Structure formats: structure tokens, C-alpha cells
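What would the 3D arrangement of this be:
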Amino acid sequence: MNIYLEKKQEEFEKILDFFKKDISSIRTGRASTSILEGVFVEVYGTRMPINGVANISVEDSQSIIIAPWDKNTLKDIEKAVVEAELGLGISNEGDKIRLKVPEMTEEKRKELVKKLSEKAEKARISLRQVRDEVKKDIEEAEKNKEITEDDKYNFIEELDKEIDKRNEEIKEIKEKKEEDIMTV
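Numbers count the residues shown, from 1 in each chain. Prediction:
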């Protein structure tokens, strides 16, 4: 792998990691603890992630159970989930909170797939921007006689193969998530 491409490997990984994390919050119609990522609870005078104050588990395909470690935080947890506007049914059972994931309509599923496609396109755009930076560095190096013209073409070809590989990864991740969303 050429040095210009090597320097940007970490950026490529960050783009893919961000894309995976970004789409993990998209509902699939089945209960998943990832729905609660990004929900913070105001307890003990500080904001904490919900998984930092309670045990979160999936009871069945439509239910998530939040069992706080300290029962005094139950109301705070309930308030945080309500304010997060996740579109879930919430019931306080005294010692735990039950979240019901409603069945998704076909229209809602299609809307989520559209949102997923937009996020995938943003990830591809980010890859292209990094690709353009690398290509510019390679062309600059050739112009400054640091590498030969043959090296330039070889490096750019290697860069294009890497981008194709990364785009394929994004496509596979997107297709898997899309399948999860559309499965009833």
C-alpha cells in the first residue's frame, strides 16, 4: 500500500465506524437496546448514559426492559426516555420500565429506508472527499518529482481500488440494515 493511502486509512475506518453507529439508531421494528443509545438521564446532579444507571435487556421482539440499579432513579429514567421521543410505548411497572416497540407500517419502513439511503450517501461523499485529498497529494508529489508518472498512476489505481472496496462495505452494511427494516 502506498504511503499516501496509508496516511488516510484511519480516516476511512472512522467514516465506516461513524456510518455503522449512525444507522444503529434507525429502528427496525424489533426491540433492540441500540434504540436507547444516545439517551441520557439526569441523576445525582449529572447527565449519564441510560446504560450507566440501569440494566437494559430485550424481553421479546417487541419489548425492552429498563431495570435501574437504584430504584430512586426510576422517574428520572422514565422522564429521559419520554423526552427522547423514540416513538415507543412506555409503562412504569414500579421497579422497572417496559418499552413497547410498536409495529411499523409499510409507509414508515419505506421512510426509514430512505433515511438509511441518505446516511449511506453521506458516508460515500465523505469517502470521496478523502479520496480527492489523497489524489491531490499524489499528483502534487509527482509534480514535485518526488514520484514518477508511473508511480502516480499506480498509486491512483490503488486508491480507486481501496475506495471501491470501502463503497462496497457501505453498500453491504446498508443492504443488511435495509433487510432488517423491511422484515415484518
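
Look at the residue of the chain most remote from its centre and report its pLDDT.
In terms of distance from the mean C-alpha position of the chain, Lys145 ranks first, at 41.5 Å (Cα atoms, centre = their mean). The score at Lys145 is 90. That number is its pLDDT.

That one is in what secondary structure piece?
With elements delineated by DSSP states H and E, Lys145 resides in a region that no helix or strand encompasses.

Quick check: phi and psi at it.
The main-chain torsion angles of Lys145 are listed as degrees, to the nearest 10 and equal phi 60, psi 20.

quick one: it and Tyr153, what's the gap?
From Lys145 across to Tyr153, the span is 16 Å (Cβ to Cβ, to the nearest Å). No exception for glycine: its C-beta is placed from N, CA and C like everyone else's.

Also Tyr44?
Using Cβ to Cβ, we find Tyr44 at a distance of 60 Å from Tyr153.

just so I have it, where are all the helices in this protein?
Using DSSP state H, the helices of the chain run over residues 3-6, 9-24, 74-83, 106-143, 149-182.

For the last one, buried residues please.
Buried residues in helix 149-182, defined by neighbour count with 16 or more other Cβ atoms under 10 Å: 152, 155-156, 158-159, 162-163, 166-167, 169-170, 173-174, 177-178, 180-181.

Pull the contacting residues for the nearest residue to Asn51 once chain neighbours are set aside.
With Cβ to Cβ, 6 or more residues apart in numbering as the criterion, Asn51 has its nearest non-adjacent residue at 7.1 Å, and that residue is Leu36. Contacts for Leu36 were tallied using Cβ atoms under 8 Å, 6 or more residues apart in numbering; they are 50-51, 56, 64, 66, 81, 84, 86.

Out of those residues, which two sit at the greatest distance?
For these, the farthest-apart pair by Cβ to Cβ is Asn51 and Leu86; their separation is 14.7 Å.

which regions of this structure sit below the pLDDT cut-off?
Flagging of the chain using pLDDT under 70 yields the residue ranges 1, 27, 29, 184.

Give me the domain ranges for it.
Following automatic domain parsing, the chain resolves into domains at 3-24+105-182, 33-100.

what distance separates the start and the end of the last one?
Between the opening and closing residues of domain 33-100 we find a distance of 12 Å, counting by Cα to Cα, to the nearest Å.

Quick one: distance of that domain to the chain centre.
For domain 33-100, the separation from the chain centroid amounts to 20 Å (computed by Cα atoms, centre = their mean, to the nearest Å).

now swap in the longest one and tell me
Centroid displacement of domain 3-24+105-182 relative to its chain, using Cα atoms, centre = their mean, is 15 Å.

Now do that domain: distance from first to last residue.
One end of domain 3-24+105-182 to the other measures 42 Å (Cα to Cα).

Many thanks, have a good one.
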